[in-house]
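# Fold the following, please.
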Amino acid sequence: MPHPLVYFYPQQHQAHALPGHPERPERIDAIVKALQDLSLWTQYSHLPPVQVPPEVLASVHSQNLLDLLASTHGKGGMIDADTYLTPHSWELALQAAGGACALAGTVWDGGAARGFALCRPPGHHATPTRAMGFCLLNNVALAAEYLFQVHGARRLAIVDIDLHHGNGTQDIFYHREDVLFISAHQHPLYPGTGAAKETGSGSGEGSTANIPLPPYSGDTAYASLADQLLFPLLERFAPEMILVSAGMDAHWRDPLGHLLLSAKGYGDLVGGLVDFAEMHCQGRLALILEGGYDLEGGSACAAAAASALLDHSFEDPVGPSPQKESDSWRDVVRRVRAIHSL
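Numbering: from 1, shown residues only. Okay, the predicted model is just below:
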């Protein structure tokens, strides 16, 4: 029997830290504490990372970027005003990518029903040629490429539910027809990409779907976009496995944005993906952590996600947003449905 759930935990991730920076080790600590409190941590298997094959790294990132990041080992530095490296960040970025690959491969092979990788540093802003937005290597893209090259996958879906658009993941797969990339994110917001009209190019035309949500979209918006966009797009594409860029910063408490998703709403969304994967993907579903900068809100979302992966009930300790949700997201959903002929 496969394990019901496997985790990846980034050992020694505390060595990647910059005082006062929102992408901090306490994010993982708070998630682990929330999972422990619900008896959802030590009872389940934890995977070590694999060494990411050089050919997988080279398929996702340019050699110039890889050489640049490697040159900071033992020294650290700043990539840009937002993105830092410590003397240990390069090895920890490789570990995070290796953890995402190990988790995806284990779920693909049936060694676990589902998986949750608590990757640090996060990854979805890292483009083929640039580290940015707190991200060094693109963990979810590397996990997908690992499944293609090592496990023989042919069609994969990446669902990005981070507050911010996963510009790096989009860039990596924009011209490819074997990956469906769907991103629901606040717009306008960093990094400024992710308009509804960005749908892929060449053989990848139609394999990118962006859902740029206006501020103050919340649980109702996410439930509607799941039913009207997410699941119809997934069903039409027919992926063999779903990888989720699991940002927790769409929560209403997060300081970097203005979406109003609750932890319960987050769990409902993940639960819907679980049901879809069971019906269409042999149950193959893996979550890979991205952002989430309010410790209470982020850890509640992670606990809701883990509960949904296990089909456990969940009681939201934070509750819904006290702010009323706007309904301006409805026009976005209609527009995206029209663009993708749904």
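
# what's the longest strand along the chain packed up against?
Using DSSP state E, we find that the single longest strand of the chain is strand 179-186. Packing partners of strand 179-186 (3 or more Cβ pairs under 8 Å, 6 or more residues apart in numbering; DSSP states H and E): strand 156-160, helix 167-173, strand 208-213, helix 231-237. Backbone N, C-alpha and C define where each C-beta goes, glycine included.

# For the last one, list the C-alpha coordinates in PDB.
What follows is the C-alpha trace of helix 231-237 in PDB, where atoms were taken according to Å, rounded to 0.1, in the frame of the first residue of the first chain:
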ATOM      1  CA  PHE A 231     -11.400  22.000 -13.500                       C
ATOM      2  CA  PRO A 232     -12.700  22.400 -17.100                       C
ATOM      3  CA  LEU A 233      -9.100  23.400 -18.300                       C
ATOM      4  CA  LEU A 234      -7.600  20.400 -16.500                       C
ATOM      5  CA  GLU A 235     -10.200  18.000 -17.800                       C
ATOM      6  CA  ARG A 236      -9.700  19.200 -21.400                       C
ATOM      7  CA  PHE A 237      -5.900  18.900 -21.100                       C
END
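
# What residues sit buried inside that helix?
231, 233-234, 237 (16 or more other Cβ atoms under 10 Å).

# Could you export these to JSON lines, including columns for distance to E145 and pLDDT?
Shown next, in JSON lines, are these (distance: Cβ to Cβ, whole Å; pLDDT from 0 to 100):
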{"residue": "F231", "distance to E145": "25", "pLDDT": "98"}
{"residue": "L233", "distance to E145": "21", "pLDDT": "98"}
{"residue": "L234", "distance to E145": "20", "pLDDT": "98"}
{"residue": "F237", "distance to E145": "18", "pLDDT": "98"}
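
# So for the residue nearest the centre of the chain, what's the nearest residue that isn't a sequence neighbour?
Central residue of the chain (Cα atoms, centre = their mean): S245, 1.1 Å from the mean position. The shortest distance from S245 to any non-neighbouring residue, by Cβ to Cβ, 6 or more residues apart in numbering, is to D160 (3.9 Å).

# need the contact list for that neighbour.
By Cβ atoms under 8 Å, 6 or more residues apart in numbering, the contact set of D160 is 124, 140, 166, 169, 181-185, 244-245, 247, 290.

# out of the residues you listed, who's nearest A131?
H124 (11.8 Å; Cβ to Cβ).

# what number of residues lie near the closest one?
29 (other Cβ atoms under 10 Å).

# need the helices for the stretch 1-150 of the chain, in chain order.
For the stretch 1-150 of the chain, helices defined by DSSP state H, counting those that start in this stretch occupy the ranges 26-37, 54-60, 63-71, 89-108, 139-151.

# now the ones you listed in CSV, with mean neighbour count, mean pLDDT and distance to A277?
Converted to CSV, the helices of the stretch 1-150 of the chain look like this (neighbours: other Cβ atoms under 10 Å; pLDDT from 0 to 100; distance: least, Cβ to Cβ, whole Å):
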stretch, mean neighbour count, mean pLDDT, distance to A277
helix 26-37, 18, 98, 21
helix 54-60, 17, 98, 23
helix 63-71, 14, 98, 32
helix 89-108, 26, 98, 10
helix 139-151, 25, 99, 14
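
# Which one of these lies nearest to A221?
helix 139-151 (23.0 Å).

# Give me the helices and strands touching that closest one, please.
Looks like helix 139-151 contacts helix 54-60, helix 89-108, strand 156-160, helix 167-173, strand 241-246, strand 285-289 (3+ Cβ pairs under 8 Å, 6+ apart).

# can you put these in TSV and add distance to E205?
Below are the helices and strands packed on helix 139-151 laid out as TSV (distance: least, Cβ to Cβ, whole Å):
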stretch	distance to E205
helix 54-60	21
helix 89-108	26
strand 156-160	16
helix 167-173	12
strand 241-246	21
strand 285-289	26
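
# Which one of those lies nearest to V150?
Within the helices and strands packed on helix 139-151, the stretch nearest V150 is helix 89-108; the backing value is 6.6 Å (Cβ to Cβ).

# What is the closest one packed up against?
By 3+ Cβ pairs under 8 Å, 6+ apart, helix 89-108 packs against strand 6-8, helix 63-71, strand 114-117, helix 139-151, strand 241-246, strand 285-289.

# Of all these, which one is nearest G99?
Minimum separation from G99 across the helices and strands packed on helix 89-108 (Cβ to Cβ) falls at strand 6-8, 3.5 Å.

# Adjacent strands (with direction) for that closest one?
strand 45-46 (parallel), strand 114-117 (parallel) (DSSP bridges).

# if I read this right, L289 contacts P122, doesn't it?
Yes. The criterion here is Cβ atoms under 8 Å, and L289 meets it with P122 at 6.6 Å.

# okay, those two: which has more neighbours?
L289 (31 against 28).

# Can you give me the distance of that one to G115?
Noted for L289: a distance of 11 Å to G115, by Cβ to Cβ, to the nearest Å.

# Please apply the same query to S328.
Here the criterion is Cβ to Cβ. By it, S328 lies 35 Å from G115.

# Give me the helix or strand of the chain that scores worst on average pLDDT.
None of the helices or strands of the chain scores lower by mean pLDDT, DSSP states H and E than strand 77-78, at a mean of 95.

# Show me what it is packed against.
Where contact means 3+ Cβ pairs under 8 Å, 6+ apart, strand 77-78 is packed against strand 84-85.
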